[in-house]
Structure formats: C-alpha cells, structure tokens
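# would you be able to build a 3D model of this:
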Amino acid sequence: MLIKHSMTDQIYEIIKDRILRGYYPLGAPINISQITNELGASNSPIREALAKLEAESLVIKTNSRYQVISITDKFNEDLDQFLSMMIVGALDLCEKKNKLPQLSMELHSAFLKQLQLKETGSDYEYLCATINFDWTVIKVSENKVFESKFDELSKLVMLVVSNKHQNNADINLNEHRDILLAIDSMDIALARNLIIQHYDKPLSIYPLRESLTAQTMQPPRGEQVSVNNSF
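Below is the predicted model of the structure:
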C-alpha cells in the first residue's frame, strides 16, 4: 500500500507510472470507471489526478474524456529542438563559468551508470539513466530557469523517450559517449554539434513501441489507495 499525502497524490503516481511504463499506450483512452473499480476510489480524486497529468502534458482531455497523448512529427520536432537548445545553452554556461572539468567528471559518472543499467537494469531504469545524462549538463550549469523547465518537462520527456528509444539503446549510448569525449577534449564546438545531431532526428526513424512487454501487459497489482491518508 502506498503512503502519500493525499488520495489524489496516490492515484496520480499510479496513473503516471502506468503511462510511463507503457501499460497505457500512446493515444489510449483512460477509463475512469475501471480505475475506480481497481483502486477502490471515487471519481473525484481520479479526475483531480488526471487534471495534474494533463497539466504535465501526459494526457489530454476531450469532451470530458481523458487519453494518453499521441506523438506527432511536429510535436517530436518541437520538443527535440527545445531540449537541444536548452542543453547547448547549459553547456555554454558551463564553459563560461569554468565548470567543464566538473561537467566532465559528472558526465562520466552518469554515462557509466547508463552503461551499467543497459546491461543489468530494467528498460525503465535505463531510460531514467539516459535522461539523467542530459540533466547532468543542466544541473552543472547552475541555471535555475533551465533546471525548473527541465524538471517541468521531465515526465513528458520520459514518455517520449520511452516510446522513441525502446529499440535504440545502442545508438543513444554511442551518441552520449561521443558527446562526453568531445567535452573531455574541451572541443565545445564539436560537443554542441553532437548534441544538436543527437536530437535532430525525425520521428519516422524510430520504431515506436508497438506492443507492451509481457511484464507491462500484466494488470498492475498491489495498487490500492489508502483512505486513512487522504487528507
């Protein structure tokens, strides 16, 4: 049983986890009545949780019905351009603030973690490590606006990455390695170009998640909302 501050928070975490792990595929409707029966909760906190997920762009609401977002070519292009420009900007700040040695050290740690989880971790853990590599550049830049915006987009980025890179782990890992080597050699111009190339890929080259794994296809178990912690 999850311990959260409120019933809405518990339901929000459960639905978000289902979306990010692919239990609810892209574009899939979210059946409130089904969630009510599964979790033993009323409609009100479920709708409040879905409203929070809508604010994070993980779901959309149409005619009082919710569904997981779909990824279009334009959406993918816009998000990739925004992320690449933000990370390049953070890299430039690291150079300006003489933080490149620190950045190199922390990226090495992030890359080794990504490499380790590719071999021993779950798909979800590997995706978290993948996004953490980019987050490291933002963090070391010490730009609070960048940090806030990246954090705001983190769940959406996770959803997009989980669907785009499911079968592209080696490509992603190799590109991160090349970026790291460029920063190690203090070739920041090359690092900028590699970051832009890393994101500048049309959606059509990715095999989007077509089916759920055997694990994610199993109905989530052990998810029950604690009424005693509601308010």
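# low-confidence regions, this protein specifically.
1-5, 164-167, 203-231 (pLDDT under 70).
# of all residues in it, which one is nearest the centre?
The centre of the chain sits closest to residue 158, judged by Cα atoms, centre = their mean, with a distance of 1.4 Å.
# isn't it right up against residue 131?
Yes - Residue 158 is within contact range of residue 131, at 6.2 Å (criterion: Cβ atoms under 8 Å). C-beta here means a position set from N, CA and C on the backbone, and glycine is covered the same way.
# just give me the neighbour total for the nearest residue to residue 155 once chain neighbours are set aside.
Residue nearest to residue 155 in three dimensions, not counting chain neighbours: residue 56, with 5.2 Å by Cβ to Cβ, 6 or more residues apart in numbering. Neighbours of residue 56 under the rule other Cβ atoms under 10 Å: 17.
# so how many other residues sit close to residue 173?
Residues lying near residue 173 (other Cβ under 10 Å) number 18.
# which helix or strand contains it?
Per DSSP states H and E, residue 173 falls inside helix 169-184.
# do residue 196 as well
Residue 196 is part of helix 188-199, with elements assigned from DSSP H and E.
# tilt between that helix and helix 169-184?
Compare the direction of helix 188-199 with that of helix 169-184 by axes from the mean of the first three to the mean of the last three Cα atoms, to 10 degrees and you get 160 degrees.
# output the contacting helices and strands for helix 188-199.
helix 73-96, helix 169-184 (3 or more Cβ pairs under 8 Å, 6 or more residues apart in numbering; DSSP states H and E).
# how far off centre is that helix?
21 Å (Cα atoms, centre = their mean, to the nearest Å).
# what comes up buried for that helix?
188, 191-192, 194-195, 198-199 (16 or more other Cβ atoms under 10 Å).
# then stretch 68-87?
Quick answer for stretch 68-87 (16+ other Cβ under 10 Å): 68-69, 71, 76, 79-80, 83-84, 86-87.
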